[in-house]
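Asks: show me the folded form of this:
(chains A, B and C)
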Amino acid sequence: MNQVTFPTTEDGLKDFMKIVSLFAILGSILILPGCGRVPDFGGGAGVVPDVTFVTGDSEAAVEAPTETNETASNEAASSGAAGTFSGKVVMTGAVTPLPPLIGKGAEVKDKEVCAAHEVANEKLVLGPGNAVQNVFIYLNKAPKGGKPLEVPAEPFLFDQKNCQFHPHCAIVPVGQLVKVLSGDPIAHNTHTNPNKNPSVNSLVGANDREGKVSFTYKKAEPTPFNITCDFHGWMNARQLAIDHPYAALTDENGSFTIPDLPAGKHAFIVWHEGADGGYVERKFEVEIKSGETTKMQIDYPADRFKL
Amino acid sequence: MKKFWALFFFFWPTVAIYACLIAPSRGWWFPGPPMSRTGVQIDGLFYLILIIVTITFVGTQYALGYVLWKGATKEPGSKAVFSHGSHKLEIMWTIVPSFVLVFISLSQLDVLAEIRVISSFPKDAGKPATKVAEVMARQFEWRIRYPKPGTELTTEPSPEDLYYVNELHVPTGKPVVINLRTQDVQHAFFAPQLRVKQDAVPGLVIPVWFDIKEVGEYDLVCAELCGWGHFKMKARIVAQSQGSVDKYLKQLEAEQNEDGTKAESAEE
Amino acid sequence: MSRTPSLNLLVLAFLLSVAAVSGCSDSAFNTSFVYSAGTLDLMPEAQNGTKDIDGVKALLDKRFGDPQHLEAWLKMPVDFGGTMTTVGEMTTAENGIPVVKLDVEEGKSLPEKAGSIQFVSGACAGETVEISGWNAETGEATLAVVPSQSVASGDICFVDGGTVIQSGRVLYMRHCSHCHGTSGDGNGPTARYLTPKPRDYRNGVFKFTSTNDMSKAAREDVLRVVKYGIPGTYMPSFLLMTDEEHHAIVEYVRFLTLRGEFERKLVAELSSDYSKAALDSRLKDEKKADILKELNEFLADDLKESANSLGDELAEIWATSDSEGALVVPSITRIPDSSESRRRGRELYLSKALNCADCHGIDGAGNGPQTIAFEKNPTTSELYNEPGLHDVWDNLNQPRNLQLGMYRGGRRPIDLFRRIHAGIKGSRMPSFKNTPHEDIWNIVNYILSVPFETEPGGTGIAPSAAAAATVTAPPAN
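Replies: Presented below is the predicted three-dimensional model:
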């Protein structure tokens, strides 16, 4: 319709020249400001940022409440205003026990050592009456009026034999030395994956009974974390690092006891590696009366267990 | 209007020639004088061709401008001249340029042979020039591999070779050869101040020689578009006396064999 | 006049230029730091906080800023640049020009030239004032403008503060950000085309370090990588930059790393109870209002207080990693390379006690059985999609093919010693710190000979091809 052809008449040429010169002017407006300057349109590489200094302790340090409470708590604990929480964790509902993880003589790596015996699947270990072993029950934070953590002087021995960690689950106080031992004639590498502590990934020598690999947890962890062996992918263990003594692990009967709890209401975390998301209960509320033992059964519905 | 166009086409070549005349004083010219033996020869050829081409350019542009002007200032209404062309003119402007071109191509043959033909590489006191290093171009750096001092450079890595990156030390005063390779895509070994340029082709090992006259540091840049980092693929060629190069290689050897136990030689 | 084609063109040209020019505004090219996946996985209220209570994002931004306005948190072990001084006294001359006399610590000196003062504490905290006249000996600075508040004696201030980090940011954006990203998250525009992926600094993990397995990377390690690149990857060498430029880039990389780690630590405090997944499972038993109340209490009291101690933790671990004590130093000099040493190294390599061949393959080709096994992600306990070993960034990270002679962390014997002794942080290469150092040296000698073996898994080069003795002469520095 509007054919663009090169103008041939005088008038056409004048128009053309007008357009050309206008383009030239507009083009220079756009291009020339950039000439001779590093473009710094506001962001990007060219801009030199401004720097404001923030001092280290800009917020006034809040008085650590635990200090004042400890003196009170020692009195409270010794004056007997403490109770005990004990109980049992039982799985309710239809339960199918897990098949063994590795059969005897199975074709796995290093099978002379790792498949010398049958290896049970420790994800769900049930006792009589469907009592659940290896359930962590602990408080999120040290309670007010609680007693301080006593860190054992002797180290915690974390062993592995026939490509299985012993113990499978453990509660380790912050500050206690953990020694990794091995009773196998082959190499393992123990790889911890904590949330707040630095991770450890070290080769554990064959038949190392001294525990040359050792480490200490410096901070409490919010939930138990996984410890793996990269050489044998099925090996794993769970450990919880805590900075207060109010934590327990259920035994082969599913039983646990937590003594010296300050009187009052407490909300316990009930955690098991097989539960969906790990939490069997996020807040298991218990009322502790001083001088008394509160016995409760914690139900672990089978549908919360995720294979 | 016609005069405008005639002047227009006469104006721009004049600007071009003016720009070329003022170029050296404004720094729009070579990056310094040629610092190697081949560089001098190459520059000479360049100037030869430049002179020939300038004469041709001035001649043809003047002729163009003249013809346009003549056409523009013709009386309107005058009759066109019928011409069947000039056979003589056509022969002239075929034969003369072909002679010129043949002359140019012949006059550069010896320089080309010296640069490109391995058997024509210059000898250093009767022996073939020393292979000082292998330069492996990769996106976006230059990896250098020197042979262990006292040994010869092998085409494939040897156990005691010394490695560095982005800095090539060569001795001055004698022709040296480097083996040019590339680890990934095409690059080009371009040392502008030495007037040395050679494409690095994947799969080939290409010997490149140069003879640097003076001690100093020279640029090594990549001249074959090789990716987003092509513009910053730069290295240094450090030309030193043979003694300094030997000292440098000894130091490199010591650093490369560091076992971390000597307290004084703890990392820089 | 009627709309001729030329007029249409004119109108079009006008509109286009208006559109182009209007894009050239300040904010059009602003960059910003990204928040980690962990942060974005938290409840929105935890991320953003409320009007009065800082959420994770605000806590982070107040201490690190955004790329246009950086906050230099003095607690962090980063050289921000400038000299820290205290104000001795401030006097105002009769013509109204203020002069500040600065006291400097014992043993430190004031720079020869100074362009500006940043006040860090006191009434003028956060202000930057230009210096019009500077006397380095007396420490007197004549200010170009009067500060908005009064400057008291004892106020902390910086002379030319922030110059290193400013220059670091400009250089980083120009040279590094296209792969490593604006926030150092390893996800810049070119990162998608690269294998291996560029480093994501925010884990605080650098693979090729000279420190022991429990320490972070030393400054020297980052500097080495910047200067010499990593052969076999897309990280090039930036040798031709000046030393100041290297220093600025290293400090800015540390700044980004600390920011990322601080963010992770904040998230670690919150994620078990206040992540989106946790919220979903909690809503089954609790009311949202209760959860929010708990969250706000936690943010206002606990998190605010712990932000400082988290910063202290970071500062301590990074500062110790830079010290001599963290360096891996062999207890014996390198055992000279010989066919005997290599044979011993090969024996160790194949032994069950060390298990090298499991990953690196019998011939050192990086094709051991572990490379075709499916492994589980240790944090989520789910299998990875593809077989082989992965690193802490969940990228496929197969063991090194030793036959290539390409050593990413450096090819000096000490570098290989350190790879073995401390392992490679972030990858599945464990630390072999309890292996005797003679054994490690023998393995190092074996590894260095693998590329030149006449047959795979063979015994190495024939003895007649002279195994060179280690250079014992000190370097000619």
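Asks: near chain A at all, stretch C:69-76?
Replies: Yes - against chain A, stretch C:69-76 shows contacts by C-beta under 8 Å from any C-beta of the partner chain at C:H69, C:L70, C:E71, C:A72, C:W73, C:L74, C:K75. The way it works is simple: take the backbone N, C-alpha and C, and place the C-beta from them, glycine included.
Asks: longest single helix anywhere in the chain?
Replies: If you meant another chain, say so; for now it's chain A. helix A:10-31 (DSSP state H).
Asks: wait, chain C was what I had in mind.
Replies: Chain C, longest helix under DSSP H: helix C:243-274.
Asks: now check that helix, is it near chain A?
Replies: Yes - under the criterion of C-beta under 8 Å from any C-beta, chain A is reached by helix C:243-274 at C:K265, C:A268, C:S271, C:S272, C:D273.
Asks: quick check: the gap between the first one and chain B.
Replies: It refers to C:K265. Distance of C:K265 to chain B, given as C-beta to the nearest C-beta, to the nearest Å: 30 Å.
Asks: count the residues that sit near that residue.
Replies: 20 (other C-beta atoms under 10 Å in any protein chain shown).
Asks: excluding residues flanking it in the chain, which one is nearest it?
Replies: In space, C:K265 comes closest to C:L310 once its chain neighbours are excluded; the distance is 4.6 Å by C-beta to C-beta, 6 or more residues apart in numbering or on different chains.
Asks: list the buried residues of the host helix or strand of the one you found.
Replies: Element membership of C:L310 [criterion: DSSP states H and E] is helix C:304-321. For helix C:304-321, a neighbour-count test (16 or more other C-beta atoms under 10 Å in any protein chain shown) marks C:305-308, C:310-311, C:313-315, C:317-318, C:320-321 as buried.
Asks: ok, then the element right after that helix?
Replies: Downstream of helix C:304-321, the first helix or strand assigned by DSSP H and E is helix C:339-350.
Asks: quick one: is that next one near chain B?
Replies: No - using C-beta under 8 Å from any C-beta, helix C:339-350 never reaches chain B; the gap is at least 11.0 Å.
Asks: got the CA positions of that helix in CSV?
Replies: What follows is helix C:339-350, C-alpha atoms only, in CSV (Å, rounded to 0.1, in the frame of the first residue of the first chain):
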residue,chain,number,x,y,z
SER,C,339,59.8,-46.8,41.3
GLU,C,340,59.9,-48.4,44.8
SER,C,341,57.9,-45.5,46.2
ARG,C,342,55.4,-45.8,43.4
ARG,C,343,55.0,-49.5,43.8
ARG,C,344,54.3,-48.9,47.5
GLY,C,345,51.9,-46.2,46.6
ARG,C,346,50.0,-48.5,44.3
GLU,C,347,49.8,-51.2,47.0
LEU,C,348,48.3,-48.6,49.3
TYR,C,349,46.0,-47.4,46.6
LEU,C,350,44.6,-50.9,46.1
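Asks: what residues of that helix count as buried?
Replies: C:S339, C:S341, C:R342, C:R343, C:R344, C:G345, C:R346, C:L348, C:Y349.
Asks: and the angle from the longest helix of chain C to helix C:304-321?
Replies: Per axes from the mean of the first three to the mean of the last three C-alpha atoms, to 10 degrees, the angle that helix C:243-274 makes with helix C:304-321 is 140 degrees.
Asks: now do the contacts for residue 120.
Replies: Picking chain A for this. A:A120 is in contact with A:L98, A:P100, A:L101, counting by C-beta atoms under 8 Å, 6 or more residues apart in numbering or on different chains.
Asks: other chain: chain B
Replies: Applying C-beta under 8 Å, 6+ apart, the residues contacting B:S120 are B:A113, B:E114.
Asks: what residue ranges in the chain score low on pLDDT?
Replies: Went with chain A since none was named. Scanning chain A for pLDDT under 70 picks out A:1-9, A:28-46, A:56-80.
Asks: try chain C instead
Replies: Counting by pLDDT under 70, chain C shows low-confidence ranges at C:1-6, C:19-29, C:456-477.
Asks: tell me the domain ranges of it?
Replies: C:83-161, C:167-326, C:339-471 (automatic domain parsing).
Asks: now those in TSV, please, with extra columns for distance to B:S83.
Replies: Conversion of those to TSV gives the following (distance: least, C-beta to C-beta, whole Å):
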stretch	distance to B:S83
domain C:83-161	75
domain C:167-326	62
domain C:339-471	72
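Asks: can you count the residues close to the one residue in chain C that gets nearest to chain A?
Replies: Relative to chain A, the nearest point of chain C is C:G162 (2.8 Å; C-beta to the nearest C-beta). When neighbours are counted by other C-beta under 10 Å, C:G162 registers 24.
Asks: what's the distance between the residue nearest to it when sequence neighbours are not counted and C:W134?
Replies: Closest residue to C:G162 apart from its sequence neighbours, by C-beta to C-beta, 6+ apart: A:V51 at 2.8 Å. Per C-beta to C-beta, to the nearest Å, A:V51 is found 19 Å from C:W134.
Asks: who's more crowded, the two?
Replies: Set A:V51 next to C:W134 and count neighbours by other C-beta under 10 Å: A:V51 wins out with 23 against 20.
Asks: contacting residues for that one?
Replies: So A:V51 contacts C:L70, C:E71, C:A72, C:F80, C:Q118, C:G161, C:G162, C:I165, C:Q166 (C-beta under 8 Å, 6+ apart).
Asks: ranking these by neighbours, who comes first?
Replies: Result: C:A72 is most packed of these (other C-beta under 10 Å), 27 neighbours.
Asks: partner strands of the strand or helix carrying that one, parallel or antiparallel?
Replies: Assigned by DSSP H and E, C:A72 belongs to strand C:69-73. Strand pairing for strand C:69-73, determined by DSSP bridges: strand A:50-54 (parallel), strand C:65-66 (antiparallel).
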